[in-house]
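[1] this one's structure only:
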């Protein structure tokens, strides 16, 4: 059993946070497009950003900021324009955005982190942003999580939100999160953003380490189509408003907090994969028997990202040969005689040899799992063992459907 | 101008080679499924094989064979059963195949290399193979290239064949090749095979080095869907029957021969990409300004393999943002201010900044290039510059269409 419970409230479940989201006129559609998260007090901030060598101005800004200043009061996010490939003007717009919000909140602009999502090559509509900021601040509320979650999406089909609660030193500690993903009709908006609030007190170094590991076990373990964005950002705040003793070293408390942080990240990551373009189900791949967690995850991610595996799952086809093929090309050496493959509870390959199996039964499992009957979620489970090591890793993806091609081919620049 | 001319004759264009292909009853369809290439004399053999950790028995067999014995008389290829994931029995079947052919040809079975393509997990139908071998040998002919090319395909839409001729020391030297690719309706048959014959005399070490480099510049630079097969094999023979002096060190002759070998490999590789599942056109990506050829090719291949780029080209959409995004995540550092992107002759991005362009004109180029009007082939050209280095590399892919998903989802194991 998990050491925590799911609660309501999203990013405003943790104490000392308010949030808001409004339509400021940045998106041509008139939908909500400006979100704000505010901590009442200085919060320890950690971040994980895109590894792409083509990055948005806000990504470079946040990365530099977090290297020199570990506390943050607010996160401002605009949707509509990615502010990527916008050159020097892009950096100026990012700084100006922080200045405008700092003035309105009467806080140091350096206490603000920024994220953008939208069309690459387009500047933020600064007039609309400037007009929107006072309205946004006026909307800040302790129940504002849903409004913020709605304002960070681009073409996601659903908003993504979660909050969990545990007990540390007999006091409740909460972590909430919102995210946007890749349910994108305009794939130039293919950015993954996630914002996390926590009311524990934790040292900056430990918080960043926890977030980096949690990101590897969640957002870095999902794949929709292998295309990394210019704007991907994960920012997590911890403001200490739970009034629990500060966690400054590794121990039972840090492990509990990291476990809950990882669970929040995994919930959001799976929600993003399930909402992948054209997806009809989530695919979870579990790999055991590898040398370590990293290589296990690498194999899992290669399988989850294989176009052939994804198309087979869309066809509800128990095509273990494609799973074996993807495992083999993951760049991780293993003895093929150790390979074992299961779909759901059905063993299809063992000791590197194909086994006879009831194709109709596995096809029925795939149909039912994808429709959500088995796991209460639309998840197809693939389990692969590659040897006798202790390395265990998971990855998530989605199936590849006609709609993926349709969505991505019929978009016109 | 190239130093060579295209000639007819495929793998039997080079002197001292005969080939054959027959329907031996290995494929359920009754189509040709057994191919043989025979050199009249011992030929120097080089090979490049799949990097997958899940491999067919014949791949392991050939790799070991080439480590200890550099000459070969024959290549036997069966289509229908991949003989991968068949355990110890698979190795026995491979050895038995060589023994059967060796006996029929009255040559040492160790002088035979083998390749298989077909369904993973299925043994070769040895009875059919044994019955077929005498008929296959009886069909050997100096005009047998087309028959062999037809017998190695699985679900390719077209056969792939080429022959080139140059002059070395005033004598004609020829290289021919046949290949099968991924025009696969049953993607468990997703194997790339290519067999090359050459009548130059060349040292084993040099021939292997030439083939390895040529493979990197051709077969290893194409991507249809990123799925590497268990059976991928490239085998090249050089039998000296041109009666030209042996090439044993690097010089003008070796460079000419390697250039022609590379051209043969590139022709076959592009034919495979163009025949990718559901593809409507070939995409050629050229990258300049990188530190070296390897990193240039890595960026080119990432762009050519991006699902978002591929879907955009299917939609004939000049979506430069996706090209920039793919370049950025290729794992090769560059300054984004150095990024320059062209589609055809249209400059879309320079110094990392988007440029205004005539969308209708680029869309028209894409429609015409994909239909083959520009280059006499259905090729869309994408050119990317990432800096000021001398590294230049190319990669090829195909667009991502509804049919790719249809082909791969509707296949039933």
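    Alright, I've got the coordinates. Keep in mind the model is a prediction, meaning the values are calculated, not measured. Numbers count the residues shown, from 1 in each chain, chains lettered A, B, ... in the order given.

[2] Residue A:216 against residue A:297, yeah?
    Yes: the pair residue A:216 / residue A:297 is scored as a contact, 7.3 Å apart, by C-beta atoms under 8 Å. All C-beta atoms are positioned from the backbone trio N, CA, C, and that covers glycine.

[3] quick one: which of the two has more around it?
    Taking other C-beta atoms under 10 Å in any protein chain shown, residue A:216 and residue A:297 do not tie; residue A:297 has more neighbours (24 against 17).

[4] Quick one: the strands in the stretch 251-400 of chain A, in order.
    Applying DSSP state E, counting those that start in this stretch to the stretch 251-400 of chain A gives strands spanning A:282-290, A:340-343, A:346-350, A:353-354, A:379-385, A:391-398.

[5] Tell me how many other residues crowd residue A:95.
    Neighbourhood size, residue A:95 [other C-beta under 10 Å]: 14.

[6] I'd assumed it was in a helix, is it?
    Yes: assessed with DSSP: H, G, I helix; E, B strand; the rest coil, residue A:95 lies in a helix.

[7] Look up how far chain B lies from it.
    To chain B, residue A:95 is 18 Å away according to C-beta to the nearest C-beta, to the nearest Å.

[8] And for residue A:175?
    For residue A:175, the distance to chain B - C-beta to the nearest C-beta - is 29 Å.

[9] That residue bridge partners, please.
    residue A:164, residue A:198 (DSSP bridges).

[10] Which of the three states applies to residue A:136?
    helix.

[11] Tally up the residues packed near the nearest residue to residue A:58 once chain neighbours are set aside, please.
    Sequence neighbours aside, residue A:114 is the residue nearest to residue A:58 in space, at 4.4 Å (criterion: C-beta to C-beta, 6 or more residues apart in numbering or on different chains). Using other C-beta under 10 Å, the number of residues around residue A:114 comes to 26.

[12] Could you tell me which residues make contact with residue A:114?
    Residue A:114 is in contact with A:58, A:61-62, A:75-77, A:94, A:97-98, counting by C-beta atoms under 8 Å, 6 or more residues apart in numbering or on different chains.

[13] Might you specify the subset of these located within strands?
    A:75-77 (DSSP state E).

[14] Chain B: which of those residues is nearest?
    residue A:77 (19.7 Å; C-beta to the nearest C-beta).

[15] can you tell if whatever helix or strand residue A:47 lives in touches chain B?
    Residue A:47 is part of strand A:34-49, with elements assigned from DSSP states H and E. No: between strand A:34-49 and chain B, judged by C-beta under 8 Å from any C-beta of the partner chain, nothing touches; the nearest distance is 12.5 Å.

[16] Mind pulling up the pLDDT for residue A:187?
    On pLDDT, residue A:187 comes in at 44.

[17] for residue A:144, same thing?
    pLDDT recorded at residue A:144 is 98.

[18] quick one, what contacts residue A:132?
    A:22, A:24-26, A:34 are the contacts of residue A:132 under C-beta under 8 Å, 6+ apart.

[19] Can you name the helix or strand that it falls in?
    Judged by DSSP H and E, residue A:132 forms part of helix A:126-138.

[20] Enumerate the positions of that helix that are buried.
    Residues A:126, A:128-129, A:132-133, A:136-137 are the ones in helix A:126-138 that count as buried (16 or more other C-beta atoms under 10 Å in any protein chain shown).

[21] So which elements touch the helix or strand that it is followed by?
    Sequence-wise, the next helix or strand downstream of helix A:126-138 (DSSP H and E) is helix A:145-152. If contacts are counted by 3 or more C-beta pairs under 8 Å, 6 or more residues apart in numbering or on different chains; DSSP states H and E, helix A:145-152 sits against strand A:17-22, strand A:34-49, strand A:71-81, strand A:160-168, strand A:171-180, strand A:193-198.
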